[in-house]
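S.K.: The following block contains a protein sequence and its predicted model.
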Amino acid sequence: MYRYDEFDHAFVQARVAEFRDQVERRLSGELTEDQFKPLRLMNGVYLQLHAYMLRIAIPYGTLSPRQLRKLAHIARTYDKGYGHFTTRQNLQFHWPKLTDIPQILEELAEVEMHAIQTSGNCIRNVTADHFAGAAADEVADPRPYAEILRQWSSLHPEFSYLPRKFKIAVTGAERDRAAIEVHDIGLHLKKNDKGELGFAVYVGGGLGRTPMVAKKIRDFLPEEDLLSYTTAILRVYNLNGRRDNKYKARIKILVHETGTEELTAAVEKEFAALRESELKLPEADIRAIEAYFAPPRLKARPEGDAVVSEATKTNPGFADWLRRNATTHRHPDYACVTISLKGIGEVPGDASDAQMDAIADLAEQYGNDEIRVSHEQNLILPHVARADLPAIHAALVEIGLATANAGLITDIIACPGLDYCALANARSIPVAQEISRRFGTQARQEEIGDLQIKISGCINACGHHHVGHIGILGVEKKGAELYQVTLGGSAREGSTIGEIIGRGFGPDEITDAVETVVETYLANRESKAETFLDAYRRLGPAPFKEALYGHEAKAA
Amino acid sequence: MKILAANRLTDGETVWLGAGDCWVETIDAAHVARDKAAEERLLATGSEALAANLVLDITLVDVEVADGRILPNRLRERIRAGGPSIHPDLGKQARRVARHAA
């Protein structure tokens, strides 16, 4: 993975020193909260309901064991013994003291981490496919490009005060696991007919108050033009994006109001002026960054088939886990392992300090020293020999992280919601927990098959509810929580925004409503091979509406 | 009826303005304003504390008092007063349990 050079170290150290000084000036009263707030936000420090919150960047979701151990140490020493992995592949601590944060940042800098640009109207942490560099279906590893974008965008003077925040995601496979079509810029790394690398460029996707699927504005952008084209997009947005209304300030609104054709023309014009500038990426520079992401040397482990086959016969729990949580690796003797942070009835995305330490150990012992965070709020060991899978499974059972539910109905994305967040209107996590318990048996989950539930506690949609196959949005109505259900959303290639199915449900009704939706699917699917999403796309909302509200119409 | 909530500058802890213009860590000890004049006094004291950099985000919170207990009207403020509903072992609610157990 990428390693800081001297410049990076000095840069992050300088930022820590600067923030330490700012905190001291705040505590002494030299800075007012109005003066300090934008400064703390630039360093990932929010104020929530019970305490401050520190959001730490995990660039493109890649972590080393040393870094994960440091996060565990911070959880143990400065927080309450756990951390929360987010849909932006970041980690949040929910209880740090302001007085401790400079020290926390100092410790993070020791392992080449920071919290810069995890908030504010700037280019945020660049996200990527969590199976990058490992998946069998990948054209090339997207992370070198994410790293180039990270370096270019860090404290970029022109783009530090954009109209609104800006999120970029990169994938290197046809199968979009990075939700690129719901980002401000989505990049799909691919090869052209000549075998050259480049990107399909999507612009103007996003969730929140006004969900939009991004528009493809370039089918193939040569890799050397990555920064000039991205700069062109940002420049058009920075100049024309709306600053008069926070709710209309994202690039998706600009794309929508300008029209894709006109906006593309503006970007292309800017690009033409920038193309031959210093932003053109020299081949040698790209390859130098790429070298940091060189795949680990994976030894042949042909005994994997026999070991896995034997374990499958003797251990049904292992067989379930293998079926759901192991993904095909480009090396036939290896697999990508999803460590579910969605134990039945547990808090989605939370991991204790002890669990983080144990996962770091596993990554060292079996996983070629790599860990990933998925935007689905799970952790990944991307390079594991199939022969080691039974041992890893056994170790995960020990620490309570062997739930065999990746991609199933209990693998729920949920934002922190009203249990922590000052912006939330309703709780998300308890809803996730109750649904998880309702559908928690292995047989029932597997009978239902692939189904993504995503829950947000407010319209800002950190829980990606718009792109859940079943989306749940918590709102406040007359002082009480109410949950609105959307169906048919998807964040995969060909993303769709879910449709609101009807009136909302109270906290005591929402799990029953989800069950009604699921039972309706099971009763109407053509076969087990037809997933919930496929069935919804074929059937439309009518049977689900009827099942949820039909009795009301009849009663009226 | 209203009380004044804020977060303490140094650690973000939720606090309320209590008797004697002290900031208290439990909602039970908050001072309840029962009329407009009392609300204004709460806000004035809160603004001074804000200016003195003791607290931030001062907000008047609607409450009811039942059986001597102060209960905020909104769920948001009830969660703020207790802690995350998913973690009874964390936040103020945990301390309350610990105190009862002691």
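M.R.: Structure received. Numbers count the residues shown, from 1 in each chain, chains lettered A, B, ... in the order given.
S.K.: Alpha carbons only: can I get the top helix by length along chain B in PDB?
M.R.: Using DSSP state H, we find that the single longest helix of chain B is helix B:36-51. Extracted C-alpha coordinates of helix B:36-51, given in PDB (Å, rounded to 0.1, in the frame of the first residue of the first chain):
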ATOM      1  CA  LYS B  36     -41.000  33.700  29.700                       C
ATOM      2  CA  ALA B  37     -39.000  35.800  32.200                       C
ATOM      3  CA  ALA B  38     -37.300  32.700  33.600                       C
ATOM      4  CA  GLU B  39     -36.500  31.500  30.100                       C
ATOM      5  CA  GLU B  40     -34.900  34.800  29.300                       C
ATOM      6  CA  ARG B  41     -32.800  34.500  32.400                       C
ATOM      7  CA  LEU B  42     -31.700  31.000  31.400                       C
ATOM      8  CA  LEU B  43     -30.700  32.300  27.900                       C
ATOM      9  CA  ALA B  44     -28.900  35.300  29.400                       C
ATOM     10  CA  THR B  45     -26.900  33.200  31.700                       C
ATOM     11  CA  GLY B  46     -26.300  30.700  28.900                       C
ATOM     12  CA  SER B  47     -25.100  33.400  26.600                       C
ATOM     13  CA  GLU B  48     -22.600  34.600  29.200                       C
ATOM     14  CA  ALA B  49     -21.300  31.000  29.500                       C
ATOM     15  CA  LEU B  50     -21.000  30.800  25.800                       C
ATOM     16  CA  ALA B  51     -19.100  34.100  25.700                       C
END
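S.K.: helix or strand right after it?
M.R.: Remark: after helix B:36-51, the chain's next helix or strand is strand B:55-66, criterion DSSP states H and E.
S.K.: so what does that following strand touch, helix or strand wise?
M.R.: Here strand B:55-66 touches strand B:2-8, helix B:36-51, strand B:69-72, going by 3 or more Cβ pairs under 8 Å, 6 or more residues apart in numbering or on different chains; DSSP states H and E. Just so you know, the C-beta spots here come from the backbone N, C-alpha and C atoms, and that holds for glycine as well.
S.K.: out of the ones you listed, nearest to chain A?
M.R.: With Cβ to the nearest Cβ, the closest approach to chain A among the helices and strands packed on strand B:55-66 belongs to strand B:2-8: 5.9 Å.
S.K.: ok, that closest one near chain A or not?
M.R.: Yes. Strand B:2-8 reaches chain A (Cβ under 8 Å from any Cβ of the partner chain) through B:Asn7.
S.K.: what does that strand contact?
M.R.: Under the contact criterion Cβ atoms under 8 Å, 6 or more residues apart in numbering or on different chains, strand B:2-8 has outside partners A:47, A:51, B:13-17, B:23, B:27, B:30-33, B:39, B:42-43, B:45-46, B:49-50, B:54-63, B:70, B:72, B:77, B:80.
S.K.: Show me which of those residues are buried.
M.R.: A:47, A:51, B:13-17, B:23, B:27, B:30-31, B:33, B:39, B:42-43, B:45-46, B:49-50, B:54-56, B:58, B:61, B:63, B:70, B:72, B:77, B:80 (16 or more other Cβ atoms under 10 Å in any protein chain shown).
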